[in-house]
Each structure stands twice: as C-alpha cells, then as structure tokens.
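Asks: here is a sequence together with a model predicted from it:
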Amino acid sequence: MPHYRGCTVYFPALAIMVLAGFAGSPAAVQAAQVTQAAQVNQAGEAKQAGEARGTLDDPIIDSEMTEAEAFEGLDPRCPEAIRSRQALIEVLYYSGDGKIHQGQLVIDRDLVRDIQAAFAAAREEKFPFTSVIPISHPKFRKNGRWDDGLSMAANNTSAFNYREITGGKRLSNHAYGRAIDINPATNPYIRGTLVLPPGATYDPDAPGAVTADSAITMTLVELGWNWGGTWDDRKDYQHFEKPLER
Ligand SMILES: [Zn+2]
C-alpha cells in the first residue's frame, strides 16, 4: 500500500511537469514539490474529516485517551506498585454495526498478550462488543469517581478499576488490572435476586453474550483465566480473571 499511495501522489505531479514542458527546470522541481505537498496535505485532511471505513486498517475510533486521561481520577488509595504495572492498550473488535472499531483497555502489563489473543479470537467469530472504553472516561464518573455501575449500564467492556469486589471488602482482581468485564449488560452478574446491571437478563443466544464455547472464553481459559459464568455461588457472566499466584 505505501507504494501505491506514493505513485498516486507522484504521477499527477510528473504529468503536470511534462505537459507544461519545463521538466527539469528549477521551477518544475519546485512546482512538483508544491503539488506533492498539497496533495499529501489534502489526503491528510480528507482522512481526518471523512468517515472511517470500519476495517482493520481504518477502524472506527471509540476511544483515544492519553495515558494521563486514562488514569485521571484514580482512587488515591491505589498503591504506585499497582498503578505502575498498568498498560493502556488499543484493541480492535467488531461492534453492533458489523464494522471494526478501535477501543482501549487498561490491564496489567503481563496480561496484554492474553487480551490481544482473546480479541483476535473474538474477531474471527465476529463477536460484537458494544464499546471498549476505560472506566476513567468522564461519562462513567459519579461524584468524580470511576463508576462501575455506569460502565455496566452502558454495556461497556473494561478491565482495570481500583475497587473492592461486588458486595465485599476485599480488593477485586479489577483493582490489580487482572480481570475484564465483557458486555456487562448482556452478561450480567447474578447472585440470588441481585442482578447487575439492574434489570439485565442473560440470554446465551443474544449477540455479544459470553458462553462456555465463545472464542473469548476458550482462548482465555486455555491461557489460565477463570470465567465467572462457571461459578456456583453466583454467576458473573461478564467476568474473566487471572489472579496472581499467591
Ligand atoms: Zn468483573
């Protein structure tokens, strides 16, 4: 592709030089350079203003946070030893429109390969993600703090969040960047009568539902992750974790 693009920029410039009959003169060289610069510039602007095609080469951007933005508003109790292990990564996935989108995740640096393998497997079967945006995004804030409830209600997939486990005091594996929640509204947490996000139902046939034979599940389980859909005392269909060996 770079060769093709190079030719499309170069040949019109050459044609102008030849047609004008002053090829080789300093003015011609200058004209060619100007034409080339203008076309590259036009192409650059066109790409910014135009719509992404929704392909692997030209994905629709769902999230493009900076490192500073991704950790802005982090719970001040989070130890630096945990914070410094977290990686902000880009992931590619199909969304509900059948196009490739690019989102971001914050995850422990040791698990980046596992996560990219899971997203590659998900793309193979065109598994749809509603969105994959770090939970620090302003739209998932409540009273200035990162809010899992708002992310879940939006069916947003996320990983790192310095917080306790649902209904308990102990730190969640999300607090270490060692857990991911996938399409939480499609894959709710269910414990007795408690359903999170509230009102969600689990239909294994729904688009974006995680099941035992989803490519994501098979890939992550193979890599040593646990899936909350197999737990006995509760079902956490959205949740995968790979705890540190303790
Ligand atoms: Zn979770």
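Replies: Great, that's in hand.
Asks: could you pull out the helices for the chain?
Replies: 2-20, 26-49, 67-71, 80-83, 112-124, 148-153, 215-222 (DSSP state H).
Asks: pLDDT score for the residue most central in space within the chain?
Replies: By C-alpha atoms, centre = their mean, the chain has its centre lying nearest to residue 103, at 2.5 Å. Here, the pLDDT recorded for residue 103 equals 98.
Asks: how close does it sit to residue 234?
Replies: In this view, residue 103 and residue 234 are 27 Å apart by C-beta to C-beta, to the nearest Å. Every residue, glycine included, has its C-beta placed from N, CA and C.
Asks: and if you look at residue 156?
Replies: In terms of C-beta to C-beta, residue 156 sits 21 Å off from residue 234.
Asks: likewise residue 226?
Replies: 13 Å.
Asks: which one is the residue in the chain that the ion sits nearest to nearest to, not counting chain neighbours?
Replies: Per C-beta to the ion, residue 239 is where the chain lies closest to the ion, at 3.5 Å. Sequence neighbours aside, residue 228 is the residue nearest to residue 239 in space, at 3.6 Å (criterion: C-beta to C-beta, 6 or more residues apart in numbering).
Asks: dump the residue contacts of the one you found.
Replies: Residue 228 makes contact with 189, 234, 235, 236, 237, 238, 239, 240, 241, according to C-beta atoms under 8 Å, 6 or more residues apart in numbering.
Asks: the ion contacts on this structure?
Replies: 179, 181, 239 (C-beta under 5 Å from the ion).
Asks: can you rerun that using 6 Å?
Replies: Residues of the chain lying near the ion by C-beta under 6 Å from the ion: 174, 179, 181, 239.
Asks: show me the residues you listed that map onto strands.
Replies: 179, 181, 239 (DSSP state E).
Asks: give me the neighbour count for the second one.
Replies: When you say that, I think you mean residue 181. Residue neighbour count, defined by other C-beta atoms under 10 Å, stands at 25 for residue 181.
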